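1. sequence-free structure coming up:
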């Protein structure tokens, strides 16, 4: 069921996310054929489907709540972003100690998302909100990658699949997908498009977002992105069956490390402006490692494994990249956007 986001008040976070996505879609000549909405269907985290001639990206509100909840918890931890000041010693707490957010109804058909767990420090609250926004945008931009990158139309024509669901009911895909590596390539391609859109969008809005969240405080946005991406991937299904041909997705840990590798590469080169000028040239991955370790202990769940870079690169080079080269030309026939197009138009 589609949520009426107008019920959440003027200028709410969902309206902002929708506007940002529509701005990206407007870079294409066929933007009127796309729509982003939020739902409370709960059967999937996100999906892409087609209603008439319009492709619809649908994000479950539960994902939004969960990422915000985790972001607030992470930023309560005194070991994160020490430059922001006082936090809490979180070693004594577990996930079940924290009250979950809820959507509450009020008079005049209005609703509000209420969070009952958050840092005391205003700077930490602001940082948590920034982390949550980028984490949710990564998920939205991944689904947009399926649409703008031509994936949806490609598998619709080649496999007859009329709906893509992220970690939801996948029976149609399991029945019709003969080559799971091809689907893994498509999912990885959507991840890379999402990273590119996230960095471009942040670069264009960096000053505005810095003023909005941190006033005159100079925050290192690369740290915000690292924590946001780590939270988003930690909440995914931690399937660790490496190289299983029956898997629709690359295992979460492989996807995470390939995305982080791409992120670091871009932050060191064309997106160096996103980092603070005071940071050492050797970009630290400490925020990723710290966030991964904390969430694993706090939630009592399997953490994202430390896959050796050489092993990741080998699988990427020998399997994913080769398959990508084989299908990319066909996918591009359906695409409204490419990595080069994103760089030029955003």
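-> Great, that's in hand. Quantities reported herein were computed from a predicted structural model and do not represent experimental measurements.
2. next, count neighbours for residue 320.
-> By other C-beta atoms under 10 Å, 20 other residues sit near residue 320. C-beta coordinates here come from the backbone N, C-alpha and C atoms, glycine included.
3. residue 43 too?
-> Counted by other C-beta under 10 Å, the residues lying close to residue 43 total 10.
4. which one is residue 155 nearest to, not counting chain neighbours?
-> residue 161 (4.8 Å; C-beta to C-beta, 6 or more residues apart in numbering).
5. sec struct for that neighbour, please.
-> For residue 161, the assignment made with DSSP: H, G, I helix; E, B strand; the rest coil gives coil.
6. so it is in contact with residue 153, correct?
-> No: with contact defined as C-beta atoms under 8 Å, residue 161 and residue 153 do not form a contacting pair (10.6 Å).
7. quick one, strands of the stretch 101-250 of the chain?
-> 102-105, 111-114, 163-166 (DSSP state E, counting those that start in this stretch).
8. re earlier: and the residue nearest to residue 155, how many neighbours?
-> 18.
9. so how far is residue 183 from it?
-> Residue 161 sits 10 Å away from residue 183, going by C-beta to C-beta, to the nearest Å.
10. just residue 306 next, same as before
-> In this view, residue 306 and residue 183 are 26 Å apart by C-beta to C-beta.
11. for the two, indicate the residue with more neighbours.
-> A side-by-side neighbour count of residue 306 and residue 183, using other C-beta under 10 Å, places residue 183 first with 21 against 10.
12. from residue 327, how far out is that one?
-> 10 Å.
13. again, but for residue 131
-> Counting by C-beta to C-beta, the gap from residue 131 to residue 327 is 34 Å.
14. next one: residue 230
-> For residue 230, the distance to residue 327 - C-beta to C-beta - is 29 Å.
15. looking at the two, which one has more neighbours?
-> Each of residue 230 and residue 327 has its neighbours counted (other C-beta under 10 Å); residue 230 has more, 27 against 17.
16. list the contacts of the more buried one.
-> By C-beta atoms under 8 Å, 6 or more residues apart in numbering, residue 230 lies in contact with 256, 287, 288, 291, 292, 295, 304.
17. and the nearest residue in space to residue 217 that is not next to it in sequence, what is it in contact with?
-> Among residues not flanking residue 217 along the chain, residue 123 sits closest, at 6.7 Å (C-beta to C-beta, 6+ apart). With contacts defined as C-beta under 8 Å, 6+ apart, residue 123 is in contact with 84, 85, 214, 217.
18. then residue 324?
-> Contacts were defined as C-beta under 8 Å, 6+ apart; by that measure residue 324 touches 185, 188, 189.
19. sitting in helices, which of the residues you listed do you find?
-> Applying DSSP state H to the contacts of residue 324, the entries found in helices are 185, 188, 189.
20. how much space between the last one and residue 94?
-> Same thing as residue 189. 37 Å.
21. which one's more surrounded, the two?
-> residue 189 (23 against 12).
22. how many neighbours does the nearest residue to that one once chain neighbours are set aside have?
-> Excluding the flanking residues, the one nearest residue 189 by C-beta to C-beta, 6+ apart is residue 149, at 6.0 Å. Neighbourhood size, residue 149 [other C-beta under 10 Å]: 25.
23. doesn't residue 66 fall inside a strand?
-> No: counting by three-state DSSP, residue 66 falls outside a strand, being helix.
24. now the ones in helices among the contacts of residue 324 as JSON lines including distance to residue 71 and pLDDT?
-> As requested, the ones in helices among the contacts of residue 324 are exported to JSON lines (distance: C-beta to C-beta, whole Å; pLDDT from 0 to 100):
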{"residue": "185", "distance to residue 71": "30", "pLDDT": "82"}
{"residue": "188", "distance to residue 71": "25", "pLDDT": "84"}
{"residue": "189", "distance to residue 71": "27", "pLDDT": "86"}
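25. ok, the most centrally placed residue in the chain to residue 123 distance?
-> Nearest residue to the geometric centre of the chain (C-alpha atoms, centre = their mean): residue 138, 2.5 Å. Residue 138 sits 23 Å away from residue 123, going by C-beta to C-beta.
26. what does residue 101 give?
-> Per C-beta to C-beta, residue 101 is found 21 Å from residue 123.
27. roughly how far does residue 48 sit from residue 165?
-> Per C-beta to C-beta, residue 48 is found 8 Å from residue 165.
28. how about residue 317?
-> 29 Å.
29. looking at these two, which one has more neighbours?
-> Neighbours were tallied for residue 317 and for residue 165 using other C-beta under 10 Å; the higher tally belongs to residue 165 (18 against 10).
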